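S.K.: next come a sequence and a model predicted from it.
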Amino acid sequence: MNLHDYDAWLAPLASALGAALVGLLAYVIVRPIVRRVVRHAPVANAVVQQIDRPVRWLLPLIAIQVVLEGAPDDLPHMGGARQLVTVLLIAAFTAAAIAAVRGVADIVALLHPQDVADNLQARRILTQTRVLARIAMGIALFAGVAFILMTFPRARQFGTSLLASAGLSALVIGLAAKSVFGNLLAGLQIALSQPLRIDDVLIVQGEWGRVEEITSTYVVLKIWDERRLVIPLQWFIDNPFQNWTRTTSQIIGSVFFWVDYSADLAALRAEATRLAQGSRDHDGRVCLLQVVDTSERAMKLRLIVSSPSAGQSWDLCCLLREGLIALMQRDDPDALPRLRAEMREAARPHDHRDELDARIAGQRTDPGTAVVNNDTGLNSLTAPTGGVLPPAEAPR
């Protein structure tokens, strides 16, 4: 095949280039008009801004496709050219659809800011918008890829055979992609029921953190020390977790102390109230100091105090803990726990061994009076334990 075979392409090619220029000209003319029309509509304006780049390619491709459809079918490689333009056109439509969904999600997030005191409603809407937008963009991308593959004859035959064995293939695909589809369904369930939302404070597997991002398959939890915990969506459906901001961000913190029984509770309560009222982290709802436990050495105090958010509650509890410790160290050192002990002098034990040895030697073991025995004429020692026994017979 020589170059003369492509002479018939000169007219269709010139028409296609002219159509592309007309499409670009239409884009340049229509773009400012549309922007001026939708400038007072936030949603439409956001969508127009997002689809600006895909439409820049979409209009010329539509014009080229119209020209090629009107060209003779017997031109060399006409089928390949039409298929190429069709693939590019489907890709442009897919990009425009994804951009439109992204524009709607962005404007919804902009209309519901989170930097307010009570952002519960904003976080609820933002969570639903992000999850549903990701699902919609995934569907658009999947549909675009499917349409592109269907333009190829071999892929169309594969799809037909796949539909013929739909039962078995669906079973195999379902088993292979169980976790993927499970996370997608879990994301849809979380978007609708909302057990967690963007910026919620969660306790997951002992870790405290905020929900930073919710995708179509996983949740990113920002831990307090700047680490990131990535958790599949299905985990939140199958396992319990703590949500400290489910209905409100207000929370009550606790501080525990062990103090001596001689501690002045009135002074501690007064100092705790003064510190709490002087802090911006206290919302004024609760500030209470109570004895919650006792032992043989000390008593346990619990101080509960309320705050507008979990982060402020942590700072306020640390402030109160430090302040009460400083008060006890400064004004009442005896209030700190002490170990009491009573020391007594032990009595000297009576040594019975010395007394027995003295009695065997015939010595007196304690003071007594010598008494004369009229029968023997011997002196016997009188003692509390008795004296020396007289002989059985009188001496001769």
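M.R.: Okay, I see it.

S.K.: all contacts plus neighbour counts: C-alpha atoms, from now on.
M.R.: Noted.

S.K.: please identify the buried residues of stretch 29-37?
M.R.: Residues of stretch 29-37 classed as buried: R31, R35 (neighbour count, 16 or more other Cα atoms under 10 Å).

S.K.: residues making contact with it?
M.R.: Contacts of stretch 29-37 with the rest of the structure, by Cα atoms under 8 Å, 6 or more residues apart in numbering, involve N45, V48.

S.K.: repeat that for stretch 131-147.
M.R.: Outside of stretch 131-147, the residues within contact range by Cα under 8 Å, 6+ apart are 90-91, 94, 97-98, 101-102, 105, 184, 187-188, 191, 214-216.

S.K.: could you tell me which of these belong to strands?
M.R.: Secondary structure assignment by DSSP state E places I214 of the contacts of stretch 131-147 in strands.

S.K.: between the contacts of stretch 131-147, identify the one with the most neighbours.
M.R.: G187 (29 neighbours; other Cα atoms under 10 Å).

S.K.: just the helices in the chain please.
M.R.: 10-37, 42-50, 52-70, 78-111, 120-150, 153-164, 166-176, 178-193, 233-238, 265-277, 310-331, 352-360 (DSSP state H).

S.K.: and of those, who's closest to A341?
M.R.: Nearest to A341, of all these, is helix 310-331, at 22.4 Å by Cα to Cα.

S.K.: okay, and for the stretch 1-150 of the chain, where does confidence drop off?
M.R.: Within the stretch 1-150 of the chain, the segments meeting pLDDT under 70 span 1-9, 73, 115-119.

S.K.: thinking again about what came up before, in JSON lines: the helices of the chain, plus distance to V286.
M.R.: Formatted as JSON lines, the helices of the chain follow (distance: least, Cα to Cα, whole Å):
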{"stretch": "helix 10-37", "distance to V286": "53"}
{"stretch": "helix 42-50", "distance to V286": "43"}
{"stretch": "helix 52-70", "distance to V286": "54"}
{"stretch": "helix 78-111", "distance to V286": "34"}
{"stretch": "helix 120-150", "distance to V286": "22"}
{"stretch": "helix 153-164", "distance to V286": "65"}
{"stretch": "helix 166-176", "distance to V286": "53"}
{"stretch": "helix 178-193", "distance to V286": "31"}
{"stretch": "helix 233-238", "distance to V286": "32"}
{"stretch": "helix 265-277", "distance to V286": "10"}
{"stretch": "helix 310-331", "distance to V286": "12"}
{"stretch": "helix 352-360", "distance to V286": "71"}
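
S.K.: and these: which comes nearest G209?
M.R.: Once the helices of the chain are compared by Cα to Cα, helix 310-331 is nearest, at 10.1 Å.

S.K.: now the angle from that closest one to helix 265-277?
M.R.: Counting by axes from the mean of the first three to the mean of the last three Cα atoms, to 10 degrees, helix 310-331 lies at 140 degrees to helix 265-277.

S.K.: show me which residues of helix 310-331 are buried.
M.R.: Neighbour-count burial for helix 310-331 [16+ other Cα under 10 Å]: 310, 312-313, 316-317, 319-321, 323-325, 327-328.

S.K.: got TSV for those residues, with pLDDT and distance to V28 too?
M.R.: Listed next are those as TSV, based on pLDDT from 0 to 100; distance: Cα to Cα, whole Å:
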residue	pLDDT	distance to V28
A310	86	52
Q312	91	53
S313	92	56
L316	94	59
C317	94	61
L319	95	62
L320	95	65
R321	94	66
G323	94	68
L324	93	70
I325	92	72
L327	92	74
M328	91	76
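
S.K.: of those, which is the nearest to D264?
M.R.: The closest of the buried residues of helix 310-331, once distances to D264 are taken by Cα to Cα, is M328, at 9.2 Å.

S.K.: I'd like to know how far that closest one sits from R302.
M.R.: Separation of M328 from R302 (Cα to Cα, to the nearest Å) stands at 16 Å.

S.K.: do V66 as well
M.R.: To R302, V66 is 79 Å away according to Cα to Cα.

S.K.: now do the same end-to-end measure for stretch 196-204.
M.R.: Start to finish, the residues bounding stretch 196-204 are 12 Å apart (Cα to Cα).

S.K.: gap between it and the chain center?
M.R.: Relative to its chain's centre, stretch 196-204 lies at 5 Å (Cα atoms, centre = their mean, to the nearest Å).

S.K.: what's next to it, contact-wise?
M.R.: Here stretch 196-204 makes contact (Cα under 8 Å, 6+ apart) with 123-124, 126-127, 190, 208-214, 241-246, 310.

S.K.: report the mean confidence score over that stretch.
M.R.: For stretch 196-204, mean pLDDT is 89.

S.K.: can you list the low-confidence ranges for the stretch 151-300 of the chain?
M.R.: Scanning the stretch 151-300 of the chain for pLDDT under 70 picks out 155-181.

S.K.: run a quick neighbour tally on M299.
M.R.: M299 is flanked by 18 other residues according to other Cα under 10 Å.

S.K.: oh, that last question was meant for P232, not what I typed.
M.R.: 20.

S.K.: any idea what it is bridged to?
M.R.: Judged by DSSP bridges, the bridge partners of P232 are Y218.

S.K.: just checking, it touches S216?
M.R.: No. Counting by Cα atoms under 8 Å, P232 stays clear of S216, with 9.4 Å between them.

S.K.: which neighbours do those two share?
M.R.: By the contact definition Cα under 8 Å, 6+ apart, P232 and S216 are jointly contacted by N183.

S.K.: quick revisit: need the buried ones from the contacts of stretch 196-204 selected in PyMOL.
M.R.: Buried subset of those, written as a PyMOL selection, criterion 16+ other Cα under 10 Å:
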select buried, resi 123+124+126+127+190+208+209+210+211+212+213+214+241+243+244+245+246+310
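
S.K.: surely D334 touches A263?
M.R.: Yes. D334 is within contact range of A263, at 7.1 Å (criterion: Cα under 8 Å).

S.K.: out of the two, which sits in the more crowded spot?
M.R.: Taking other Cα under 10 Å, D334 and A263 do not tie; A263 has more neighbours (18 against 15).

S.K.: fine, thanks again, bye for now.
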